[in-house]
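Engineer: Structure of the sequence below:
(one chain, ligands or ions: 1)
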Amino acid sequence: MHTIMPMISFKEYLCPDTIEEAYELTQKKSNIIIGGMLWVKMKKNSYNAAIDLSKLGLTYIKEEEDGFHIGAMTSLREIETSNDLKVCFGECFGEALKGIVGVQFRNSATLGGSIYGRYGFSDVFTLFLAMGAKVKLFKGGIMTLEEFKNLPRSYKDVLTEVIVPKNTEKTVYMSQRNTRTDFPVVTCALCLRGGKMYCAIGARPKIAELFIAEDEKIPEDMEFSSNIRASEKYRKQIANVLLKRCINKVKEGV
Ligand SMILES: Cc1cc2nc3c(=O)[nH]c(=O)nc-3n(C[C@H](O)[C@H](O)[C@H](O)COP(=O)(O)OP(=O)(O)OC[C@H]3O[C@@H](n4cnc5c(N)ncnc54)[C@H](O)[C@@H]3O)c2cc1C
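Structural biologist: Below you'll find the predicted structure:
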């Protein structure tokens, strides 16, 4: 006898022409936005409609006065290989994204899906948080990632873009993985801006948390836990090592 594995299903596939329409569709509990669909497809739920944002012109990396504006449908690979981002911020985007599964995967995975999902293991969220990035939500407006992180999981909006300010002086990214493209055991991003070293530590395995690395140590009260990949004690120790390495790299010049 064969067991049929339950998988995600949709009754309808919708590709709205305007963000307003996409937002209205999102408000129905049984509808879901799809980005690259790489995480969504692992769910076993049945939805009424899948909302594809492909027609909304949200694939771009634009430099403006206040920073780089990156559209929600931009793929992780486009960010990783963007020369404009590299010229302005150095190697940090490449470093943060290169360990996520493989090139084909990163060609499909979107920035919107990576940020909106608020995954505990996220390299993406860790880096953008340290850099002081802001999200632009169709209804919710512009807010810091720190604010966005704390919105209830039930909150439904359309993430249109992420804004990375240009006031960063140096940003360094490091992660520890058991094997090269596995989920990270610890993620660490350090961003020097306004003379202060902003550090985000993620994959604890909780979502990244931000602090100012004044005494060059992980705060005593930062929570770490154990899972199949690593113990709490190991994670804490590795986080301190990554922080020191990032600080050294920032100090020596990236
Ligand atoms: C096997 C596997 C391994 C992975 N490993 C890593 C890793 O090592 N490091 C890492 O950082 N990430 C990792 N990821 C996460 C991956 O990089 C993407 O972040 C993830 O797949 C979501 O991106 P997506 O474009 O596929 O979004 P989807 O799966 O399509 O959507 C994800 C969620 O975001 C919502 N959403 C998408 N776009 C928007 C939008 N514009 N507005 C509002 N809501 C939106 C969807 O409704 C859904 O809830 C992994 C994922 C998988 C499946």
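
Engineer: before we move on, which element is residue 95 in?
Structural biologist: Assigned by DSSP states H and E, residue 95 falls within helix 92-97.

Engineer: is the ligand contacted by that helix?
Structural biologist: No - in terms of C-beta under 6 Å from any ligand atom, no part of helix 92-97 sits within range of the ligand; the closest distance is 7.7 Å. (Each C-beta comes from the backbone N, C-alpha and C, glycine too.)

Engineer: What lies in contact with the helix or strand following that helix?
Structural biologist: As assigned by DSSP H and E, the chain's next helix or strand after helix 92-97 is helix 103-108. With contacts defined as C-beta atoms under 8 Å, 6 or more residues apart in numbering, helix 103-108 is touched by 36, 37, 38, 75, 76, 77, 80, 97, 100.

Engineer: Only alpha carbons, please: show the helix holding residue 95 as CSV.
Structural biologist: The C-alpha coordinates for helix 92-97 follow below in CSV (Å, rounded to 0.1, in the frame of the first residue of the first chain):
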residue,chain,number,x,y,z
CYS,A,92,28.8,41.4,2.2
PHE,A,93,25.8,40.5,-0.1
GLY,A,94,27.8,37.8,-1.9
GLU,A,95,29.1,36.4,1.4
ALA,A,96,25.6,36.2,2.9
LEU,A,97,23.9,34.7,0.0
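
Engineer: who are the neighbours in contact with the nearest residue to residue 246 once chain neighbours are set aside?
Structural biologist: Nearest-residue entry for residue 246: residue 190, 3.8 Å, with adjacent residues in sequence omitted and distances by C-beta to C-beta, 6 or more residues apart in numbering. When contacts are counted by C-beta under 8 Å, 6+ apart, residue 190 touches 130, 171-173, 197-199, 213, 243, 246-247, 249-250.
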